[in-house]
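**Q** Okay, here's the prediction I keep looking at, along with the sequence it came from:
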Amino acid sequence: MILFLGAAGLLVLPLGIYLYILVRRFLGVLFGDRRKRLQKGLSAVTAVAAAGLSVNLFSLWALLMFYFAAVSGVIDLLRLLWKKAGGGWGRTMELLYRSGAVAAVIVAVITGYAYWNMHRIVVTDYTVETEKTIQAEEIRIVFVSDLHFDTTMDEEKLKDCCLRMEQEQPDLVVLGGDIVDEATLLREAEQAFQALAQIDSTFGTFYVYGNHDKGTYSKSCDFTQEELEQAIRDAGVRILEDETVILNDNLTITGRRDRSGAAVGNAPRKNPQELFADLQQSGASSEAFHILADHQPREMEEIAAAGFDLMLSGHTHAGQMWPVGLVTELFDKKTVNYGQKSFGNMELVVSSGIAGWGYPLRTGKHSEYTVITVR
């Protein structure tokens, strides 16, 4: 928490200073050279209030303020370069520039696109080749993660999505965590899992918890962990927390306890070697095709070395809002932000999620459910 507050302060302080400059610039258009004292006072109050509300870096307000400041900064730089190059800059252009209208319009366009992009759900297909025998020409897996119900959709829209998923004729449905979060009501959680459980498949629907599902980030969550677990089981979804299910002689599914949940709870999660040892002790053949679902894409090398063939993860949202994904790729080399990647003999698939957290906006990739074909 201390580190988070420190990071927030480092970001919000320059934001406040720059907002003061932008507000002074705007008030200068309104008042001209009159009432300079009033302009300074209003600018200071507005900038402090706007920056103060942006301390919650995950809020929609903070997102819009940082985007507005970033776009304004780019415009400032372009204006400087244009004037240095001797370009003309008339009175109308100067008024538009000083009023902040151009930056406001650009942010509005970005926000509109982000809203549309979040609500546009696409299907992303991946193919995984294996030399192992899988008792069929191929296995089709529908993987859904990070729904955060109902950030972007109601029950009817979710049911429509589930019908689309069922048309993929899956052998297996895997729910990769954060299907609900601390803002979801209990009745909404029941609706979400009931809808997802209706997707017809050969082996059924399996679920691993994400870091948000159990509502541990909020003291006012509408459901208890016991109520959520009951809702999931009542829907007919199988919960996997460091557990393996043998689907047939040549196919297994293992679900890991989420690393965040293990960190704040009383039950530590098993390491990949322990999970694979449990899998073998349960009677699964090492020659079977072994799938592992883990909400957060971490420890891929260890999971591959243990003997798993396919890992399914979500959590990252592919950044959701630029430049989060870029920052993740640059500074967190222990995770994968999005897509398919090989680790030894294991394939990893990281989904951007079917929705997003916090607000219904996305500029990082798209909203999706994934279909993985194992051949």
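**A** Structure received. Since we're looking at a predicted model, the values are computed, not measured.

**Q** which residues of the stretch 151-300 of the chain fall in strands?
**A** In the stretch 151-300 of the chain, the strands defined using DSSP state E, counting those that start in this stretch lie at 172-175, 205-207, 238-239, 243-248, 251-255, 289-293.

**Q** In stretch 118-134, which residues are buried?
**A** By neighbour count with 16 or more other Cβ atoms under 10 Å, stretch 118-134 contains the buried residues Met118, Ile121, Thr124, Tyr126, Val128, Ile134. All C-beta spots, glycine's among them, are computed from the backbone N, C-alpha and C.

**Q** end to end, how far does that stretch reach?
**A** 36 Å (Cα to Cα, to the nearest Å).

**Q** How about stretch 165-177?
**A** 17 Å.

**Q** thinking again about what came up before, among the buried residues of stretch 118-134, which lie within strands?
**A** Among the buried residues of stretch 118-134, the members found in strands (DSSP state E) are Ile121, Thr124, Tyr126, Val128.

**Q** Hmm, Lys365 and the first one touching each other?
**A** Just to be clear, that refers to Ile121. No. Assessed by Cβ atoms under 8 Å, Ile121 is found out of contact with Lys365, at 12.0 Å.

**Q** Low-confidence bits of the stretch 251-375 of the chain, can you list those?
**A** By pLDDT under 70, the low-scoring segments of the stretch 251-375 of the chain are 262-266.

**Q** So which bits of the strand or helix carrying Gly325 are buried?
**A** Applying DSSP states H and E as the criterion places Gly325 in helix 324-331. Across helix 324-331, burial judged by 16+ other Cβ under 10 Å covers Val324, Gly325, Thr328, Glu329.

**Q** Where does Leu63 sit, in terms of helix or strand?
**A** Under the assignment here (DSSP H and E), Leu63 is part of helix 60-84.

**Q** how far off helix 60-84 does the helix or strand following that helix point, in degrees?
**A** Once the chain leaves helix 60-84, the next helix or strand it forms, by DSSP H and E, is helix 91-99. If you take axes from the mean of the first three to the mean of the last three Cα atoms, to 10 degrees, helix 91-99 sits at 140 degrees to helix 60-84.

**Q** Just give me how far the helix or strand where Leu10 lies sits from the chain centre.
**A** Using DSSP H and E, Leu10 sits in helix 2-31. On the basis of Cα atoms, centre = their mean, to the nearest Å, helix 2-31 sits 27 Å off its chain's mean C-alpha point.

**Q** just stretch 77-90 next, same as before
**A** 39 Å.

**Q** repeat for stretch 149-159
**A** 16 Å.

**Q** Quick one: mean pLDDT over it.
**A** Here stretch 149-159 scores 95 as its mean pLDDT.

**Q** Can you list the buried residues in it?
**A** Phe149, Asp150, Thr151, Thr152, Met153, Glu155, Leu158.

**Q** Stretch 87-97 too?
**A** In stretch 87-97, counting by 16+ other Cβ under 10 Å, buried: Leu96, Tyr97.

**Q** and if you look at stretch 363-373?
**A** The neighbour-count check on stretch 363-373 (16+ other Cβ under 10 Å) flags Thr363, Gly364, Lys365, Ser367, Glu368, Tyr369, Thr370, Val371, Ile372, Thr373 as buried.

**Q** Kindly report the same for stretch 198-216.
**A** 199, 201, 203-216.

**Q** Please give me every residue in contact with the most centrally placed residue in the chain.
**A** Nearest residue to the geometric centre of the chain (Cα atoms, centre = their mean): His317, 2.5 Å. Counting by Cβ atoms under 8 Å, 6 or more residues apart in numbering, His317 touches Asp146, Ser352, Gly353, Gly356, Trp357, Arg362, Gly364.

**Q** Now do the closest residue to it other than its chain neighbours: how many residues are near it, please.
**A** Residue nearest to His317 in three dimensions, not counting chain neighbours: Gly353, with 5.0 Å by Cβ to Cβ, 6 or more residues apart in numbering. Residues lying near Gly353 (other Cβ atoms under 10 Å) number 31.

**Q** if we can go back for a sec, in JSON lines, list the buried residues of stretch 363-373 along with distance to Glu227.
**A** Listed next are those as JSON lines, based on distance: Cβ to Cβ, whole Å:
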{"residue": "Thr363", "distance to Glu227": "35"}
{"residue": "Gly364", "distance to Glu227": "32"}
{"residue": "Lys365", "distance to Glu227": "33"}
{"residue": "Ser367", "distance to Glu227": "27"}
{"residue": "Glu368", "distance to Glu227": "29"}
{"residue": "Tyr369", "distance to Glu227": "26"}
{"residue": "Thr370", "distance to Glu227": "29"}
{"residue": "Val371", "distance to Glu227": "32"}
{"residue": "Ile372", "distance to Glu227": "32"}
{"residue": "Thr373", "distance to Glu227": "36"}
